[in-house]
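> After the sequence you'll find the predicted model.
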Amino acid sequence: MPNATAFPPLWERFSVVSINSETDTLQIELRPDPRRVPRCGGCQQPSPAVHEYCTRRIRDLPILGRPVRLRVHLRRLACSGCGRRAEWVSWLGRHARLTRRLAEAVALWCARLPTRHVAELFGLHWGTVRLLERRCLQAQLRALPPAVPRRLVMDEFALYKGHRYASVVLDAETRRVLWIGEGRSREAIRPFFEALGPAGCARIEAVAMDMNTAFDLEVRQHCPHARVVYDLFHVVAKYGREVLDRVRVDEANRLRHDKPARRVIKQARWLLLRNPENLRQPEQQIHLQELLNANQTLMTVYLMKAQLKGLWTAASAWQWRAAWKQWLRNAQESHIPALMLFAKRLSGYWRGILSRVRWPMHTGQLEGINNRIKVIKRMAYGYRDSDFFFMKIKAAFPGNP
């Protein structure tokens, strides 16, 4: 091709010798610029002594939609300090068959598209794309500053079908995902506290979580100064499953001979579980009011749910103590078996509820992150190894500066 050296200077310290554009792929031949002194690939110091020449075929970013393949003539230098080493090339890694530009572009697109789609976009093998993305993720995680958490948020998310879970630990102050591991047992989360070390565990002041006994016991064992804070959302959700649903089903069964009344109660599940402020349609509010007026038991458990939420808004410990005793008393005097059983079970967790007065923490931050984790998982249609999946999650949530 005439005037080949006029090609844009995309390859520093190299000159374009020829360009073959007869096929769909651009074949470009590069030679080192003789006017520049080569540098050693080890110490990057000037090393004019050339031991031998070699040729390497390299992939580069497409140009005008056409794939680019480079035929690069490289030099092996006789460096006085490093011995025989290949020359340093700013746009090419050691032993690499892809330019740095192409590797960075692949990693950038992997954050937005599934691996298979990125491989098709650049014409690369699936394993090559995965390797490039893994290296990029490892570099991002190594560049993060050391974490010094004082408050933590712990939760789990579904990893596979069939009740397979993974546990996540989040820094509540920086929103950085600190650790992820398979399982939700004490043995599963113990490596995090072991990696944190005695000094790091002693620094933890509070940990927000749901009423997971495994998380609770492990935090108390490793972080003696930390206060466990139970999340309102999980407690109310548990109340909805164990009390509201149970009472609704029992009342529907009691009215099995009254088909219309039974149907109204059976279909009122989401109406009872939804917060009153979320009932935006007037007919929903009227329906709820008529339902509660017609059934005293449902009215009781519905009002008790509102009182239960009030425990998380107490201004002081004494105010919380009075509200807590009143709620337990009302639960026992209701003589509703499901409510009484729930109150008995909840009594063992009162310290974690009281801690909310001192530490206004919740797992809402981690719930939002869990939704993003589901998106990452769906983009890949599943991952072949959990470690790679966990690296993607950590890289997606490096925390606020």
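Here it is on my side, so go on. Computed from a predicted structure; not experimentally measured.

> quick one: low-confidence ranges for the stretch 1-150 of the chain?
The model of the stretch 1-150 of the chain has pLDDT under 70 over residues 1-9.

> need the strands for it, in chain order.
14-20, 26-32, 50-63, 66-79, 83-86 (DSSP state E, counting those that start in this stretch).

> Then the stretch 151-300 of the chain?
Under DSSP E, counting those that start in this stretch, the stretch 151-300 of the chain gives strands at 151-160, 164-171, 176-182, 206-209, 227-230.

> mind listing what's buried in stretch 189-205?
Using 16 or more other CB atoms under 10 Å as the burial criterion, the residues of stretch 189-205 that qualify are Ile189, Phe192, Phe193, Leu196, Gly200, Cys201, Arg203, Ile204, Glu205. (Glycine included, C-beta is placed from N, CA and C.)

> isn't the second one right next to Trp179, touching?
Yes: with contacts counted by CB atoms under 8 Å, Phe192 reaches Trp179, the gap being 4.3 Å.

> Quickly list what's touching both of those two.
Val169 (CB atoms under 8 Å, 6 or more residues apart in numbering).

> tell me the contacts of the closest residue to Leu288 other than its chain neighbours?
Of all residues not flanking Leu288 in the chain, Leu271 sits nearest, at 5.4 Å (CB to CB, 6 or more residues apart in numbering). Residues in contact with Leu271 (CB under 8 Å, 6+ apart) are Leu279, Gln284, His287, Leu288, Leu291.

> what about the second one, distance to Arg356?
I take that to be Gln284. 30 Å (CB to CB, to the nearest Å).

> ditto for the last one
Counting by CB to CB, the gap from Leu291 to Arg356 is 31 Å.

> what about these two, which has more around it?
Arg356 (22 against 19; other CB atoms under 10 Å).

> So which residues of the stretch 301-401 of the chain form helices?
With helices called from DSSP state H, counting those that start in this stretch, the stretch 301-401 of the chain shows them at 317-334, 337-346, 350-358, 364-380, 386-396.

> pretty sure Leu144 contacts Pro398?
Yes: when contacts are counted by CB under 8 Å, Leu144 is listed as touching Pro398 (5.6 Å).

> Quickly list what's touching both of the two.
Arg176.

> Compare neighbour counts for those two and give me the winner.
Taking neighbours as other CB under 10 Å, Leu144 and Pro398 compare with Pro398 leading, 16 against 12.

> Tell me who's in contact with Pro46.
Residues in contact with Pro46 (CB under 8 Å, 6+ apart) are Val37, Pro38, Arg39, Cys40.
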